[in-house]
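1. show me how the following folds:
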Amino acid sequence: MHRIFSVLYKEFLQMRRDRMTLALVFMLPMVQLLLFGFAIQTEVKHIPTVVFDQSLSYESRELLDSFSASGYFDMTYVVNSYADVNRMIDSGKAKVGIIFPPDFATSVNRGVPAPVQVLVDASDNMVANQAIAIANAIGLIKSQEVVAQKFHLSAPPYDVRVRPWYNPDGITAYYMVPAILGIVVTMTMVIMTSMGIVRERERGTLEQLMVTPIKSHELMIGKILPYIVLGYIQITIALLVGVIVFHVPIKGSLLELYLLTLFFITASLGLGILISNIAKTQMQAMQMAYFVFLPSILLSGFMFPRDAMPRLIYYISNVIPLTYYLDIIRGIVLKGIGFSYLAGQVLFLLVFSLVFLTLSTLKFKKKIA
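-> Now for the predicted structure:
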């Protein structure tokens, strides 16, 4: 046990001397949460819109008011020809174009379908999907209002009541901030630990450890424990920023979140140490760490829903520890669920931790031999 504490003490001294490490620990979660929390928004509002109204009637203005009142469309430009609409969209000044035909009001008053053309710049897929969905919804709502007036109905013929759970207002920060926390921990644990043993080998301090009577598993424990402490410091800072700045509600148990986070931290650390045992230089370790880091962002469900991925990619994402931690942290923070619902995810992280740490220990033991 005293040998483990000896390694621990040396590792903490090394971290204390390494100011970059301390800066990463304290500043990385805060900076990334503030940057990505404000920057990443799945709901796109205030889309610049160009209008070509050939009707110039009360009916066309009423529909335009509905588009404006939604908050998703800003009537930035009013033009007098199709060519102007095309020019605005081609130049990127407008993302949406709304065109009313000359007989729009006549068609509405006669009770026949009145066409309204909505042009959407689909070069930005997220903006296009949002604009198309909102435009269709506005058209449906206004159609129901006209039908109700024509047939003197006191209410729409259908009463569909949608009740979104867990995030009823659709606030992106509630969904993204917990996921960013997982990204920060992945980045720090994998990249920092992957550089650890390689750095010591290059500096010659690893050979000093090899001649001591310390065992390989004791060395691994001594290397891992300081980073576990740093991981929890980062999580605490990130949660404080999420609650204070973005008002993210934590509906579940914080104690349970901290306990289950341990499995994710150890899995990430085991992967980082395994990389550091394989790599021969710090540059190789950095490249291998980013090779793990980028799939963690793209395939774990952080940015894109896994259910929409091709089956092969979906199965590949099952070998990424962050995939399971996102279910854990979003489940506890947003849904308030407990361990009974998350046992499968915890089991997978436990398996990852055991596999990575065992391989790391065996690989390091072979290097000593």
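
2. is Tyr341 in contact with Gly331, as I believe?
-> Yes - counting by C-beta atoms under 8 Å, Tyr341 does reach Gly331; the two are 6.3 Å apart. Quick note: C-beta positions are derived from backbone N, CA and C, even for glycine.

3. quick one, which of these two is more surrounded?
-> Gly331 (21 against 13; other C-beta atoms under 10 Å).

4. quick one: pLDDT of the more buried one?
-> For Gly331, the model assigns a pLDDT of 89.

5. my guess is it meets Ser340, correct?
-> No - counting by C-beta under 8 Å, Gly331 stays clear of Ser340, with 10.9 Å between them.

6. now do the buried residues in the helix or strand harbouring Met288.
-> Using DSSP states H and E, Met288 sits in helix 282-299. Residues of helix 282-299 classed as buried under the neighbour-count rule (16 or more other C-beta atoms under 10 Å) are Gln282, Ala285, Met286, Met288, Ala289, Val292, Phe293, Pro295, Ser296, Ile297, Leu299.

7. closest one to Ile191 out of these, please.
-> Among the buried residues of helix 282-299, Ala289 lies closest to Ile191 (C-beta to C-beta), at 4.5 Å.

8. next one: the closest one from Arg306, what distance?
-> Here the distance between Ala289 and Arg306 works out to 23 Å (C-beta to C-beta, to the nearest Å).

9. can you check Leu269 too?
-> Counting by C-beta to C-beta, the separation of Leu269 from Arg306 is 24 Å.

10. between those two, who's got more neighbours?
-> Set Leu269 next to Arg306 and count neighbours by other C-beta under 10 Å: Leu269 wins out with 29 against 15.

11. please report how far the more buried one lies from Met195.
-> Separation of Leu269 from Met195 (C-beta to C-beta) stands at 13 Å.

12. could you do Gln54 as well?
-> Distance of Gln54 to Met195, given as C-beta to C-beta: 65 Å.

13. in terms of neighbours, single out the busier of these two.
-> The neighbour comparison of Gln54 against Met195 (other C-beta under 10 Å) goes to Met195, with 21 against 15.

14. let me see the contact set for that one.
-> Contacts for Met195 (C-beta atoms under 8 Å, 6 or more residues apart in numbering) come out as Ser276, Gln282, Ala285, Met286, Ala289.

15. report the distance from the helix or strand the first one falls within to the chain centre.
-> I take that to be Ser276. In this assignment (DSSP H and E), Ser276 forms part of helix 254-278. Its chain's average C-alpha position is 19 Å from that of helix 254-278, according to C-alpha atoms, centre = their mean, to the nearest Å.

16. in the stretch 51-200 of the chain, which ranges drop under the pLDDT threshold?
-> Low-confidence segments of the stretch 51-200 of the chain (pLDDT under 70): 123-126, 148-163.

17. same thing but 50
-> In the predicted model, the stretch 51-200 of the chain carries pLDDT under 50 at residues 158.

18. quick one: the residue positioned nearest the centre of the chain and Val319, what's the gap?
-> Central residue of the chain (C-alpha atoms, centre = their mean): Phe302, 3.7 Å from the mean position. Distance check for Phe302 against Val319: by C-beta to C-beta, it reads 16 Å.

19. if I pick the residue of the chain positioned farthest from its centre, what's in contact with it?
-> For the chain, the residue at maximal distance from the C-alpha centroid (C-alpha atoms, centre = their mean) is Arg110, at 49.3 Å. For Arg110, the contact set (C-beta under 8 Å, 6+ apart) is empty.
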